[in-house]
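Enquirer: sequence and predicted model, in that order:
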Amino acid sequence: MKQVWMGLIVFGLCTGILFAGGGKQDGVSSGPAVSSGAALQKEAPKLAARVAAGTLPPLERRLPAAQDVMVETMPGTGAYGDHFTFVFNGRSEHWFYGMITEEPLFRFTLEGTVEPNVAKGFSVNADSTEYTIYLRQGIKWSDGQPLTADDCIFFYEKMILPRTFGNAIYNCFYSTDPATRERTLCTMEKVNDHEFKVKFKNPSPNFLELVAIDVKWLYAPAHYYKQLLPEFIGEAAAAAKAKEMGFADVAALSRQTGYYHWNIIGRPQLRPWIITNDPDSELLIFERNPYYWKVDAEGRQLPYIDQLHFVRIADVNQKVLKTITGEVDVAPGLPYTSIAALKQNESQGGYKLQTWSNSNWSGPGELQFNQSSENPKFRALFQNREFRHAISISADRKEMATLVSDGWSNPSQASPGSGMMGYSKAWSEKWTEYNPGEAKRILERSCGLKMGADGYYTFADGSPLVFEIISHDNSSEAAKAAELLTEKYLKNIGIKATFVQRDRSYVEELTRANKINVALNPTVPLGTINISLRPDNVVPARNNFAVWYGAFGTWFATNGEGGETPSGDILKLIELYRQMSGATSKSQINQVGLQMLKLHEENIWGIGFLTPTPTLIAVKNDVRNFLEKGIWCDEFRNLGVSHPAIWYFGKDKK
């Protein structure tokens, strides 16, 4: 027997049928209804002008069916306006502006639950082996073509399964046999244009949560990709298309248009704003989507603001300067080393500083040593727990707290924060004493290193031991942490290390290729809101995703066909994750999750030196509907959890 669920999907309790919002039609709950007539004529002036000129269909033909239009909840209805201004570092920050404009099939709320978004709702059978996903009737891509169940199935069958954009198949599409731990892929089946089924061999009670994390947009414009992919137009034509679009080859075309698709001009979207020019431009502009499918409580089409402007900057100091001078409307990720100047100039700049908590396990200076390094000597050394012990106690964390974070962070090991699953005071204090003498004894006694004539350790065979620490982080905190580590703490214990800062996209590329040995403030730091929902930062569950586990993640994601075979406690961690994947209840999942976290506490695979600082955000005083207290984390899509489509200016922007 199925029950009717109104509201949010609660993990472990998603039996029955659920739709976002209220209202009923034919006994089935649906999204909030929007009245027809005058209410549907409410749209941005620029779009109304296009309708009047005959270059754009009327609003009622662009929105979904009245009963399926999504009415966004918000503190207050707003007013249409011109543009928001942000700053960014070019294409390397594609996830920053990508998350601002993202529209997942199902999305997380600030409470950690999941709700329908592009999807209108879902139903699930009693043992969580079959889900039916309901789409909004009449929802359209930004080019006016309808979104249908075919687009969702196309994405899975023609892009995910053949790994069109290079990623391993996401965990959400597998179910695990509780007895054998064998993983089996799901199948998808079309019911009608607005309904499709996802079928699993074994129970998958957290499928929707994993979709909201793993694959967000479980849909793709099939009509667009049928003009690009070799399967539909042939290899020669696809190669010619790649060259025409400026890509090196078909693989690059497939990855960029399939995975980083919000960067591609002309690629149909469901997002509130669509890219209009090159991401490496000095001024990147996103324009409102005339077919956007959400409205406010008064029936006015969102977003409120016509455009998003991203002004390119060279470094974080320019972000601080432009914030102080009032040139930026929303500026997240401001450095705490500049907080005095930022606070002093709040009135002059017309902004207010806000802080969001985050899910990271450590603050500035986190070090990750690649346990699957391609260099066999590095691999053996990095896998030695006592080596990580020595590196950890070589650092004076009290000094780091003062010099790196200006006192805003406290000494700590990389570990879950207070109130988070797995928190332990003992874990947060493990290997945090400052003892360089003991560190050197450990390196000689437990790691087999030999002191050379130059005062630096070598490997046991006398070959030099020098490693490069790489970071994408160009902040002053990262630079100071790197200086202290390479020029003082590591040097003092006889470890020679160098530091380089590189573009984020390049660091991500090296990570995927397993070419990084040591990373500082890595692109994927240790941390998670819930290890059962977002394990891939702390479990080798994805293809070369995090530096610390590297190719072990590829081994798991490819079912042993690729990557490197893990052993020891990392293999135990993976086995526990498989056990968790086969669990059929929330209590089982939590029990296994705590065992996984215990392995992290015992091994310290990533070394933290300081507690994480809250994310510092400057928001202009005239920006309305901005979430004052949020959680900055990948699961919630950083600024995305504030739903930027509902932001507006409280007065005319000067």
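Expert: Thanks, I have the structure now.

Enquirer: E182: what's it in contact with?
Expert: E182 is in contact with T176, counting by CB atoms under 8 Å, 6 or more residues apart in numbering. C-beta coordinates here come from the backbone N, C-alpha and C atoms, glycine included.

Enquirer: and it, how far from Y174?
Expert: Distance of E182 to Y174, computed by CB to CB, to the nearest Å: 10 Å.

Enquirer: mutual contacts of those two, please.
Expert: Between them, E182 and Y174 share no contacting residue, judged by CB under 8 Å, 6+ apart.

Enquirer: got the buried residues for stretch 639-654?
Expert: 639-649 (16 or more other CB atoms under 10 Å).

Enquirer: show me which of those is closest to L229.
Expert: The closest of those to L229 turns out to be G640 (CB to CB; 28.3 Å).

Enquirer: leaving out sequence neighbours, find the closest residue to the closest one.
Expert: The spatial neighbour of G640 that comes closest, neighbours along the chain excluded (CB to CB, 6 or more residues apart in numbering), is M99 at 4.5 Å.

Enquirer: neighbouring contacts of the host helix or strand of the one you found?
Expert: When elements are assigned from DSSP states H and E, M99 belongs to helix 94-101. When contacts are taken as CB under 8 Å, 6+ apart, the neighbours of helix 94-101 outside the stretch itself are 86, 88, 260, 262-263, 269, 271-274, 279, 284, 286, 308, 310, 505, 637-640, 644.

Enquirer: over to stretch 396-416?
Expert: With contact meaning CB under 8 Å, 6+ apart, stretch 396-416 is reached by 336-337, 339, 361-366, 392, 422-424, 427-432, 434, 477, 480-481, 484, 489, 526-527, 597, 600-601, 604, 606-613.

Enquirer: which of those fall in helices?
Expert: 339, 392, 427-429, 477, 480-481, 484, 597, 600-601 (DSSP state H).

Enquirer: most neighbours among those residues, which one?
Expert: Per-residue neighbour counts (other CB atoms under 10 Å) across the ones in helices among the contacts of stretch 396-416 peak at A481, which has 30 neighbours.

Enquirer: adding distance to F552, write the buried residues of stretch 639-654 out as a markdown table.
Expert: Formatted as a markdown table, these follow (distance: CB to CB, whole Å):
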| residue | distance to F552 |
| --- | --- |
| L639 | 32 |
| G640 | 30 |
| V641 | 31 |
| S642 | 35 |
| H643 | 36 |
| P644 | 36 |
| A645 | 39 |
| I646 | 41 |
| W647 | 41 |
| Y648 | 46 |
| F649 | 48 |
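
Enquirer: wait, which of those residues is closest to F154?
Expert: Proximity of the buried residues of stretch 639-654 to F154, judged by CB to CB, is greatest for G640, which lies at 24.7 Å.

Enquirer: surely the closest one is within a helix?
Expert: Yes: using DSSP: H, G, I helix; E, B strand; the rest coil, the secondary structure at G640 is a helix.

Enquirer: which pLDDT value goes with it?
Expert: Turning to G640, the model gives it a pLDDT of 96.

Enquirer: equivalent analysis for G31, please.
Expert: The per-residue pLDDT reported for G31 equals 37.

Enquirer: quick one on the thing from earlier: among the contacts of helix 94-101, which are located in strands?
Expert: 86, 88, 273-274, 284, 286, 308, 310 (DSSP state E).

Enquirer: of all those residues, which comes closest to G560?
Expert: Top of the list for closeness to G560, among the ones in strands among the contacts of helix 94-101 and by CB to CB, is F88 at 39.3 Å.

Enquirer: look up how far A460 lies from that closest one.
Expert: Counting by CB to CB, the separation of F88 from A460 is 47 Å.

Enquirer: pick out whichever of those two has more residues nearby.
Expert: F88 (17 against 12).

Enquirer: now do the contacts for the spatially closest residue to that one that is not a sequence neighbour.
Expert: Spatially, and ignoring its direct neighbours in sequence, F88 is nearest to F310 (4.5 Å; CB to CB, 6+ apart). Residues counted as contacts of F310 (CB under 8 Å, 6+ apart) are 85-88, 97, 283-286.

Enquirer: quick one: buried ones out of the residues you listed?
Expert: Members of the contacts of F310 that pass the buried threshold by neighbour count (16+ other CB under 10 Å) are listed as 85-88, 97, 284, 286.

Enquirer: make a markdown table out of those and add pLDDT and distance to Q344.
Expert: Listed next are the buried ones among the contacts of F310 as a markdown table, based on pLDDT from 0 to 100; distance: CB to CB, whole Å:
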| residue | pLDDT | distance to Q344 |
| --- | --- | --- |
| T85 | 98 | 22 |
| F86 | 98 | 23 |
| V87 | 97 | 20 |
| F88 | 94 | 25 |
| Y97 | 96 | 29 |
| L284 | 97 | 30 |
| F286 | 98 | 32 |
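
Enquirer: of all these, which two lie farthest apart?
Expert: V87 and F286 (14.3 Å).

Enquirer: re earlier: just the CA trace of the helix holding M99, in CSV.
Expert: What follows is helix 94-101, C-alpha atoms only, in CSV (Å, rounded to 0.1, in the frame of the first residue of the first chain):
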residue,chain,number,x,y,z
HIS,A,94,33.5,26.9,-13.5
TRP,A,95,32.0,25.2,-10.5
PHE,A,96,31.6,28.6,-8.8
TYR,A,97,29.3,30.0,-11.4
GLY,A,98,28.0,26.6,-12.3
MET,A,99,26.6,26.0,-8.9
ILE,A,100,25.0,29.5,-8.8
THR,A,101,22.9,28.6,-11.9
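
Enquirer: adding distance to E564, write the buried ones among the contacts of F310 out as TSV.
Expert: Formatted as TSV, the buried ones among the contacts of F310 follow (distance: CB to CB, whole Å):
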residue	distance to E564
T85	45
F86	39
V87	39
F88	35
Y97	34
L284	38
F286	40
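
Enquirer: out of those, which is nearest to G246?
Expert: L284 (16.6 Å).

Enquirer: quote the end-to-end distance of stretch 212-230.
Expert: 29 Å (CA to CA, to the nearest Å).

Enquirer: list the buried residues in that stretch.
Expert: Buried residues in stretch 212-230, counting neighbours by 16+ other CB under 10 Å, are found at 212-222, 224-225, 228-230.
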